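**Student:** Structure of the sequence below:
(chains A, B and C)
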Amino acid sequence: MIVEGAAGAAYEAGLLALREGALLELAVRALRAAPDVLLVNATGRDHPRRAGLATHLGAMLGLPTVGVTHRALVAHGDRPSDEAGGRSPLLLDGECVGAWLRTRPGTRPLAVHAAWRTDPDVAVRVVLAATRGARTPVPLRAARRAARSARAATCSAAVGD
DNA sequence: GCGACAG
DNA sequence: ATCTTGTCGC
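**Tutor:** Just a heads-up that it's a prediction; the model follows:
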């Protein structure tokens, strides 16, 4: 099933939930079975008000969530060692809100975020379990492929071919 | 001198 | 996200 709709607002750092929160919530609710944990391409507690999109989504759905991004929003942390599983804490006001995680040697680490009912350790464990040798977690790659495919179908239909 | 801050 | 540069594997 394809869930589509307009963005709720233009992109603005720190306000991502305002842009895609409602649509993502609808998409998850459309699932036949509720997942045990949700991987979200957004931050969690790494946010000015400790409420990144991953945290928002988990709260609205009542599902544990883990965030995964290319970079941090406001948290800071040293680079992890260049070995599979290498990690270093992402801190915000002295609190650990996530971790830089080397999912694959020789590639840039991923920012893994504790979000709704999850902590940095659980976030790292979930991401590593969902990664298996690839740099990006398998579920996120699958989601991007599905989104690209759906978008292409929708756009070509709108144009008329 | 410019930008810094998820997608 | 989008773009550009650099590296790796088929």
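**Student:** A:Ile84 - how many residues pack around it?
**Tutor:** Heads up, residue A:84 is Ala, not Ile. Close neighbours of A:Ala84, defined as other C-beta atoms under 10 Å, add up to 13. All C-beta atoms are positioned from the backbone trio N, CA, C, and that covers glycine.
**Student:** check which helix or strand covers it.
**Tutor:** A:Ala84 is part of no helix or strand when elements are defined by DSSP states H and E.
**Student:** Now it: closest residue in space, sequence neighbours ignored.
**Tutor:** Among residues not flanking A:Ala84 along the chain, A:Pro105 sits closest, at 5.8 Å (C-beta to C-beta, 6 or more residues apart in numbering).
**Student:** Reduced to three states, what does the one you found come out as?
**Tutor:** Secondary structure, DSSP: H, G, I helix; E, B strand; the rest coil: A:Pro105 is coil.
**Student:** I'd say it and A:Glu83 touch.
**Tutor:** Yes: using C-beta atoms under 8 Å, A:Pro105 and A:Glu83 qualify as a contacting pair, with a distance of 5.8 Å.
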